[in-house]
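any chance you could fold what I've pasted below:
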Amino acid sequence: MASSTRLLPLLALLGGCAGAPPPPVTPRVAPRPILPPPPWQARLSEAEGYEVKSPPPPPVVIRGATLMLATGRSIARGTIILDRGKIAVVAEGDLPAPAGAVVIDGSGKFVTPGLIDTHSHLGVYPMIGAAAHNDGNEMVEPLTPHAQTVDAFWPQDPGIERAVAGGVTAIQVLPGSGNLIGGRAVTIKLRPAVGTREMHVPGAADGLKMACGENPKRVYGTAHKAPMTRMGNLALQRSAFLKAKKLIDHWTRWHDQEARRIEGDSKKRAAFEAKREERAQRDAWCRANDEPDPCGAWRGKWSESPLEEPTPSEPIATPDRDPGSEALAAAIEGRVLVHIHCYRADDMLAMMALSDEVGFRIRSFHHALEAYKIRDQLAARQIAVSTWADWWGFKLESFDGIPENAALVHEAGGRAIIHSDSSEGIQRLNQEAGKAMASGQRTGVLLSEEDAIRWVTMNPAWALGVDHRMGSLEPGKDADVVLWSKNPFSVYAQAERVWIDGAPIYERGKLHWSDFELGQAPRPPAPITAPALLPGGAR
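Here you go, the predicted model:
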């Protein structure tokens, strides 16, 4: 009785037809296996996942200020509302404040997005200028794509809060330019933190710092090592990327081979399960029907060919880890954004040819003092130009720099960016953009303040791949906002307040946050004494 009870489910599988033998069981098709991605595809940044999310601050309402939106227009007298870390409202006129909001009268003042610097060495070359904290150039070999600034950045650099006092809210922390490939850069927001990864802009890809021209060949050539020439520069960079392409090929082959192995095991397992189920169904049918034909033949065949459960095959080992080549593989696939230190037009053209040859895209040339000579090509390729307002002549490859560079790139339809490359210059990035705008206007380039504000907000946000969340005053974007005492292009303008993610980070006249300076009383200025004069006014 118990035996027949156990057979009921199997009999039900036969569709209630006791007279017909059960048909063969078809093996189930296993889904295609999902394999782990290569290491460089696992996340956009080495800092991803470590960001700290603070409790939402109370809403902030600024009324009556001129809003420079960085979208191509401004609002002469408007209201901006920050709520839950985002820009909630941008509108003309005065709007009511939400309950519990901090209300600020912005009459006569200006509001801009937080400024963004694509080229900073804060934290890896701190403002204090001590050799013990100089961590920006790993100049022991010319190719160090495995190095990354997120591992070296010092969050207590006093230059950080001074940059914020100049209205800067986000920076790309780059390695130096002593190496042909200096390593990974990280994009961070300038808020107080203990660790660098906490400061990472969520969703921001890492950058890859490269260099061409004088610096690498000077560093290594003077020691009679490669590279000594521009030929050597490109040859070594080419070799590094070709090695990375081989790593991509190895991972592609591994995926194909491992997928075939798993699919083969799955097919064997599915065939085994189907045979076992088929025999169970036929055995049940034979028992329920007094062993009619062909039960005897079935049982004889089962006895001659007993089922053997398949043994899984050994997994194929993944390719060996190579963090340097993985960084370059990510650059080839566009997961890491390539930023290249380059001055001369011919050097930039050579790097563009290299990028075509080995398959990466250049996001921005940095310094790029001769960008104006090839501005049409840069615009056509959508390569941004991160440059200064008027630096030139400090070495031979900078000899042809002109103050109209950014304006001419803009006029050609390119993305002009004013960067600092300086712990001092970052404190007045707004004035540098103003100088570059004035230089272009004097030359006859049609430029507006709405154009120039984008050189330090929206364009750098694009170059860092974060323009979807930063760089303009638009609802839904991060509430990284600066309130200026005057037009930010004025030399008299000062950042009065700065918010990052809607939280008040800086207010003029408040205390420092860097631990390095806490407890250190500022030295009073030395007294000014008149020189002792001899009779007749002689010294």
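
what's the distance between the residue nearest the centre of the chain and residue 496?
For the chain, residue 205 is the residue whose C-alpha lies nearest the centre (C-alpha atoms, centre = their mean; 2.1 Å). According to C-beta to C-beta, to the nearest Å, residue 205 and residue 496 sit 33 Å apart. Where you see a C-beta, it was placed from the backbone N, CA and C, and this is true even at glycine.

and if you look at residue 40?
From residue 40 to residue 496 the distance is 43 Å (C-beta to C-beta).

these two - which one has more neighbours?
residue 40 (24 against 19; other C-beta atoms under 10 Å).

so what touches stretch 297-307?
272, 275-276, 279, 282, 286 (C-beta atoms under 8 Å, 6 or more residues apart in numbering).

just stretch 232-245 next, same as before
142-143, 145, 180-181, 210, 212-213, 216-217, 221, 226-227, 324-326, 328-329, 331-332, 350, 354, 357-360.

and stretch 321-331, by the same measure?
Counting by C-beta under 8 Å, 6+ apart, 38-41, 143-146, 181, 183-184, 206, 208, 240-241, 243-248, 336-338, 360 sit against stretch 321-331.

doesn't residue 406 make contact with residue 445?
No: contact criterion C-beta atoms under 8 Å: residue 445 and residue 406 do not qualify, at 9.6 Å.

just the contacts of stretch 297-307 now: which is nearest residue 420?
Nearest to residue 420 among the contacts of stretch 297-307 is residue 272, at 66.5 Å by C-beta to C-beta.

now for the closest one, how many residues are close by?
15.

what's the nearest residue to it if we skip its chain neighbours?
Of all residues beyond its chain neighbours, the one nearest residue 272 is residue 310 (5.5 Å), with distances taken as C-beta to C-beta, 6 or more residues apart in numbering.

the one you found: neighbour count?
Counted with other C-beta under 10 Å, residue 310 comes out at 16.

show me which residues of stretch 36-45 are buried.
38-40, 44-45 (16 or more other C-beta atoms under 10 Å).

can you check stretch 509-523 too?
So, applying 16+ other C-beta under 10 Å, buried residues of stretch 509-523: 513-514.

related to what we said a few turns ago, which residues does the residue nearest to the centre of the chain contact?
44-45, 187, 335-337, 464-465.

can you do 10 Å?
Neighbour list for residue 205: 43-45, 48, 184-187, 330, 334-337, 363, 464-466 [criterion: C-beta atoms under 10 Å, 6 or more residues apart in numbering].

helix or strand for residue 375, which one?
helix 375-380 (DSSP states H and E).

let me know the next secondary structure element after that helix.
strand 384-387.

tell me what that next one is packed against?
If you count contacts as 3 or more C-beta pairs under 10 Å, 6 or more residues apart in numbering; DSSP states H and E, strand 384-387 packs onto strand 115-120, strand 337-342, strand 362-367, helix 375-380, helix 405-411, strand 416-418, helix 458-463.

of all these, which lies closest to residue 510?
Among these, strand 115-120 sits nearest to residue 510 (C-beta to C-beta), with 19.3 Å.

is it true that residue 141 touches residue 225?
Yes: the criterion here is C-beta atoms under 10 Å, and residue 141 meets it with residue 225 at 8.7 Å.

the helices and strands packed on strand 384-387 into JSON lines, with extra columns for distance to residue 70, mean pLDDT and mean neighbour count?
What follows is these, written out as JSON lines (distance: least, C-beta to C-beta, whole Å; pLDDT from 0 to 100; neighbours: other C-beta atoms under 10 Å):
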{"stretch": "strand 115-120", "distance to residue 70": "10", "mean pLDDT": "98", "mean neighbour count": "30"}
{"stretch": "strand 337-342", "distance to residue 70": "20", "mean pLDDT": "98", "mean neighbour count": "26"}
{"stretch": "strand 362-367", "distance to residue 70": "18", "mean pLDDT": "98", "mean neighbour count": "26"}
{"stretch": "helix 375-380", "distance to residue 70": "20", "mean pLDDT": "98", "mean neighbour count": "18"}
{"stretch": "helix 405-411", "distance to residue 70": "14", "mean pLDDT": "98", "mean neighbour count": "26"}
{"stretch": "strand 416-418", "distance to residue 70": "13", "mean pLDDT": "98", "mean neighbour count": "31"}
{"stretch": "helix 458-463", "distance to residue 70": "5", "mean pLDDT": "98", "mean neighbour count": "27"}
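
distance to residue 517 added to those, as TSV?
Shown next, in TSV, are these (distance: least, C-beta to C-beta, whole Å):
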stretch	distance to residue 517
strand 115-120	19
strand 337-342	31
strand 362-367	30
helix 375-380	41
helix 405-411	34
strand 416-418	28
helix 458-463	28
